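Undergrad: using only what follows, build the 3D model:
(one chain, ligands or ions: 4)
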Amino acid sequence: MKMDTICRLCSACCPVIVDIDQGRLRAAERKTSLPAVASLICPKLKAAPDIVYSSKRLKKPLVKDKRGSNSGFREATWDEALDIITGKLKYFKKKYGPEVVCWLRGMAADWGAPWDYANRLMNAFGSPNTIGNGSVCHVAREMAHVFTYGAMTLPQAKNARCIVVWGKNDRNTSPAAFEAILYAKRQGAKLIVIDPVRTPLAEMADIWLQVKPGHDGQLAMAMIREMIVGGLCDAKFIRKFAIGFEELENAAKAYPAEKVAPGIWLNADRVKAAARLYAETSPACIIEGNGLDMQLQVFEATRAICMLRALAGNLDKEGGDLIPQPVPTRNIQLKKRLSGNVRPITRDYPLFNEFHETWGLHVQSCLVDAILEEKPYPIKMLIVQSGNPAVTMTDSNRVIKSLAKLEFTAVIDLFLTQTARFADVVLPAGSCFEKTQLNRACMRNSPVILQNQVIDSFGESRPDWKILFELAERLGFQQEFPWRTVEEAIDYQLEPSGITVEMLRKNPAGLRFDKLQYEKHQTRGFATPSGKVEFFSERLRQNGFPPVPYMDGGYENPIGFSGRSDAYPLIGISGERTNRFTHSQFHNIPALTEAEPEGFVDLHPDDAHQNGVDNGDVLKVETPKGHIRMKARISDGVHPGSIQIAWGWGEVDPDYNLNNLTDDDTRNPVTGTPSNRTFMCKIEKVSRT
Ligand SMILES: Nc1nc2c(c(=O)[nH]1)N[C@H]1C(S)=C(S)[C@@H](COP(=O)(O)OP(=O)(O)OC[C@H]3O[C@@H](n4cnc5c(=O)[nH]c(N)nc54)[C@H](O)[C@@H]3O)O[C@H]1N2
Ligand SMILES: Nc1nc2c(c(=O)[nH]1)N[C@H]1C(S)=C(S)[C@@H](COP(=O)(O)OP(=O)(O)OC[C@H]3O[C@@H](n4cnc5c(=O)[nH]c(N)nc54)[C@H](O)[C@@H]3O)O[C@H]1N2
Ligand code: SF4
Ligand SMILES: [Mo]
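TA: Ligands and ions are numbered 1, 2, ... in the order given. Prediction:
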């Protein structure tokens, strides 16, 4: 039987058709809306049955029992496991106050509506500490958009005449977006790629700017400057719909391409050519990605990039960058229930906490501060849902110390991960094919497409929503969680839109709430305090941050450990996400590891020669925080002076854990973002092939 759903094996959230036989998944295939382009095969989706029915999946709840089996865990019933967790929740609340309990969410259970259940539960319980990983993913970038023109734009690559791909590797991370770029290129669109690594997109580009890692903000300012002095801006749009142009013009004076380019490994003429091609081709869109996200200057650099969109007049144009039309939903977070006296552990980042009612709290580094240093107060109990912080959070040695110090930890996951090993109780969660949920990726801009439960639950595992609803019931929150099924909960949340689960099931391709509209600013303006595009943000100024990005004219080197470059001369790039793995996931699935059994450190032939390194030699890569060991792969796809380190392999062996190298001491002052992606390091050959 064929059924429609959304794949959530990674955050690309592709609509898929699954083939089901007696409640079991046989195969799955992506749908594509672009008939002219062959649908890209996703290896993870192809391996979905191997993932879902992996022998390593957790079938039953586990409880830590040091007297028991080798692993230290014994199997338990759901009743026992949930009773232990609720007992601990009540104990810590009574002894210290509800805020000592934190709920930490990774990206896997969905960046979406289901997260609202965790917020609702924790807010009803009385703790403001529901923390996600937005400080290292796209949320810091989203805030830069919101502070510039009120919402995060969606690039309309399919109909663009010029596409800028800025720090994104869509072939591996978002096949639908890659297909749209291929489609547009076939229609003659120009492609500019800004990436320190030669990705498949860089190979196809009309202009590839191999920017020095972490220095995108200076590049964006040079492009702004080139557009302004070249008279290439949309003056009419700026006059009517923007404020602070003069201040931006002044700030950009410090960044002529000739002055910027040599320091960021680029050629001034090519920077100018890129700015001109972007400005002179209309409509044009900018696709940004995670290459910007873990930069120390993520907020400022993204704000500058957002300004390029406005200067070129591409905002909310077909083939430009669309201002989304989100589906109206009921805010079910119950934030108002919190006592005003209990401030979250992320209190030092008030603007980031509050810029968007959906996102909640996202500076995950604050959790480690709270556990280890008890700042601003101690966290004693942690519930980790759909995340693997022992591998994915910054400065793993520090994270692991914090996990070891916690008084009680529960983990909700499909597998016994490096993080779950620290848990007192592990609850087995259902995979994305085993649960129905509202997917935020769809809600952000219609059409809304439902993620459906299409197969039976594996073993005794339960969908995340069910685990949360049952915890709520045990804590006495029947009133807050009155729903018997997830369908009821979704209908309640979607009520303002008039869309129901039943309607969504009848329309598997999705439902739009309202008609797609462009240039909405003509009638409504932009959702900023001034109603205009804010090159100058009074809100930032009032909060002690530069109102215009890079207005100090500085040429800072914003890379982790940049002050230690004598001892650590190479730039380490947290590297490629290949299309077989999602962060720390699926390295235990033979169907995927057969084709890609290990990760590599890519280094340029010049650096290999200088360090006497051959292909396959084992390298020790070191920073002041720690080291990893991984095989070398010589590649001219990276710039001399930089190495690209494979991401996500720390789940297999802590010796491969890239976050052993990263620094959590220095963070972006607005968003708390550390330099996970870019840091100074050194290499040493430790063995030959
Ligand atoms: N140095 C460095 N650090 C990074 C990054 C980087 O590139 N470099 N990337 C950053 C980014 S962008 C992100 S988003 C984070 C990701 O950080 P995490 O969210 O911690 O990433 P994953 O390794 O995917 O962990 C997801 C976990 O959820 C489990 N899981 C999968 N599906 C479900 C489900 O439906 N329910 C439940 N309960 N569990 C499920 C998986 O088995 C896995 O253990 O890492 C960040 N950290
Ligand atoms: N297969 C797979 N798909 C995924 C994921 C996964 O783990 N695996 N993770 C999901 C998640 S949570 C996320 S956030 C997205 C991320 O998806 P993408 O945004 O595509 O992220 P990456 O592929 O990590 O990085 C994008 C590009 O940024 C470049 N880059 C690195 N440093 C810099 C820099 O300093 N400047 C610039 N301009 N570029 C730089 C890298 O070389 C890379 O080509 O993917 C999602 N999809
Ligand atoms: S890219 Fe692959 S794994 Fe990710 S959502 Fe799409 S089909 Fe699933
Ligand atoms: Mo992410």
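
Undergrad: which residues sit in contact with residue 388?
TA: Residue 388 makes contacts with 106, 413, 417, 418, 419, 583, 584, 585, 651, as judged by CB atoms under 8 Å, 6 or more residues apart in numbering. Bear in mind the C-beta positions are built from the backbone N, C-alpha and C, glycine included.

Undergrad: by pLDDT, rank these and give me the bottom one.
TA: By predicted confidence (pLDDT), the lowest-ranked of these is residue 106, with 93.

Undergrad: backbone phi and psi for that residue, please?
TA: phi -90, psi -170 (degrees, to the nearest 10).

Undergrad: gap between the two ends of stretch 668-683?
TA: Distances were taken as CA to CA, to the nearest Å; on that basis the terminal residues of stretch 668-683 are 27 Å apart.

Undergrad: next, see if it gets close to ligand 2.
TA: Yes. Stretch 668-683 lies within reach of ligand 2 by CB under 6 Å from any ligand atom, at 677, 678.

Undergrad: what is the rounded mean pLDDT of that stretch?
TA: Model confidence over stretch 668-683, given as mean pLDDT, is 97.

Undergrad: which residues touch the residue in the chain that ligand 1 sits nearest to?
TA: The shortest separation between the chain and ligand 1 is 2.5 Å, found at residue 106 (distances taken as CB to the nearest ligand atom). Contacts here follow CB under 8 Å, 6+ apart; on that basis residue 106 touches 133, 384, 385, 386, 387, 388, 389, 392.

Undergrad: quick one: least confident of those?
TA: Among the contacts of residue 106, residue 133 has the lowest pLDDT, at 91.

Undergrad: tell me the SS of the residue in the stretch 451-600 of the chain that ligand 2 sits nearest to?
TA: Across the stretch 451-600 of the chain, the shortest distance to ligand 2 (CB to the nearest ligand atom) belongs to residue 577, at 3.7 Å. The three-state assignment at residue 577 reads coil, by DSSP: H, G, I helix; E, B strand; the rest coil.

Undergrad: residues contacting it?
TA: 169, 172, 173, 290, 583, 647, 648.

Undergrad: give the buried subset of these as a PyMOL selection command.
TA: A single PyMOL command is used to select the members of those judged buried by 16 or more other CB atoms under 10 Å:
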select buried, resi 169+172+173+290+583+647+648
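
Undergrad: hang on, the earlier thing: separation between the residue of the chain closest to ligand 1 and residue 583?
TA: Using CB to CB, to the nearest Å, one obtains 8 Å as the distance from residue 106 to residue 583.

Undergrad: what touches both of these two?
TA: Common neighbours of residue 106 and residue 583, using CB under 8 Å, 6+ apart, are 388, 392.

Undergrad: give me the spatial nearest neighbour of the spatially most central residue of the chain, chain neighbours excluded.
TA: Centrality entry for the chain: nearest residue to the mean C-alpha point is residue 137, 2.9 Å, by CA atoms, centre = their mean. Leaving aside its chain neighbours, residue 137 sits nearest to residue 293 (5.9 Å; criterion: CB to CB, 6 or more residues apart in numbering).

Undergrad: what's the closest non-adjacent residue to residue 228?
TA: residue 249 (5.5 Å).

Undergrad: element containing that neighbour, please.
TA: Remark: residue 249 resides in helix 245-252, with elements defined by DSSP states H and E.

Undergrad: would you mind measuring from the nearest residue to residue 592 once chain neighbours are set aside to residue 50?
TA: With CB to CB, 6+ apart as the criterion, residue 592 has its nearest non-adjacent residue at 4.5 Å, and that residue is residue 580. Distance of residue 580 to residue 50, given as CB to CB: 12 Å.

Undergrad: higher neighbour count, those two?
TA: residue 580 (22 against 16; other CB atoms under 10 Å).

Undergrad: okay, and the more buried one sits in which element?
TA: Using DSSP H and E, no helix or strand contains residue 580.

Undergrad: how close does it get to ligand 3?
TA: 9 Å (CB to the nearest ligand atom, to the nearest Å).

Undergrad: do the same with residue 313
TA: Distance of residue 313 to ligand 3, computed by CB to the nearest ligand atom: 32 Å.

Undergrad: and what of residue 651?
TA: 17 Å.

Undergrad: which ones are touching that residue?
TA: Residues in contact with residue 651, defined by CB under 8 Å, 6+ apart, are 388, 391, 417, 418, 584, 585, 587, 588.

Undergrad: in helices only, show me those.
TA: Taking DSSP state H, the ones among the contacts of residue 651 that sit in helices are residue 391.

Undergrad: which among the contacts of residue 651 count as buried?
TA: When the contacts of residue 651 are checked for burial by 16+ other CB under 10 Å, the buried set is 388, 391, 417, 418, 584, 585, 587, 588.

Undergrad: show me the contacts for the fifth one.
TA: Spelled out, it's residue 584. The neighbourhood of residue 584, defined by CB under 8 Å, 6+ apart, consists of 388, 391, 392, 417, 418, 648, 650, 651.

Undergrad: ok and the residue in the stretch 351-500 of the chain nearest ligand 2?
TA: Closest residue of the stretch 351-500 of the chain to ligand 2, CB to the nearest ligand atom: residue 392 (9.4 Å).

Undergrad: coming back round to it: correct me, but the residue nearest to the centre of the chain touches residue 105?
TA: No. The pair residue 137 and residue 105 does not pass the contact test of CB atoms under 8 Å, sitting 11.2 Å apart.

Undergrad: residue 660 is in contact with residue 654, correct?
TA: Yes. Look at residue 654 against residue 660 with CB under 8 Å: they come within range, at 7.3 Å.

Undergrad: between the two, tell me which one has more neighbours.
TA: Just comparing residue 654 and residue 660: by other CB under 10 Å the higher neighbour count belongs to residue 660, 22 against 18.

Undergrad: nearest spatial neighbour of the more buried one, skipping sequence neighbours?
TA: Residue nearest to residue 660 in three dimensions, not counting chain neighbours: residue 626, with 3.7 Å by CB to CB, 6+ apart.

Undergrad: any idea how far that neighbour lies from ligand 3?
TA: 30 Å.

Undergrad: show me the contacts for that residue.
TA: Contacts of residue 626 by CB under 8 Å, 6+ apart are 395, 396, 397, 660, 661.

Undergrad: from those residues, which is closest to residue 641?
TA: Proximity of those to residue 641 (CB to CB) peaks at residue 661, which lies at 16.7 Å.

Undergrad: ok, the lengthiest helix in the chain near ligand 1 or not?
TA: With DSSP H applied, the helix covering the greatest number of residues in the chain is identified as helix 78-96. No. No part of helix 78-96 sits close enough to ligand 1 to count as contact by CB under 6 Å from any ligand atom; the gap is at least 14.0 Å.

Undergrad: and stretch 408-427, which residues are buried?
TA: Neighbour-count burial for stretch 408-427 [16+ other CB under 10 Å]: 408-420, 422-427.

Undergrad: any idea how far it is from the chain center?
TA: Stretch 408-427 has its average C-alpha position 22 Å from the chain's average C-alpha position, going by CA atoms, centre = their mean, to the nearest Å.

Undergrad: and that stretch, end to end?
TA: Using CA to CA, the span of stretch 408-427 from its first residue to its last is 14 Å.

Undergrad: go on, stretch 249-259?
TA: Criterion CA to CA; first-to-last residue distance in stretch 249-259 is 16 Å.

Undergrad: residues making contact with it?
TA: 218, 221-222, 224-226, 228, 268-269, 271-272, 275, 548-551, 553.

Undergrad: so for that stretch, what gets flagged as buried?
TA: Applying a neighbour-count criterion of 16+ other CB under 10 Å, the buried positions in stretch 249-259 are 249, 251, 252, 254, 255, 256, 257.

Undergrad: again with stretch 514-530
TA: Of the residues in stretch 514-530, those scored as buried under the neighbour-count criterion (16+ other CB under 10 Å) are 518, 521, 525, 526, 528, 530.
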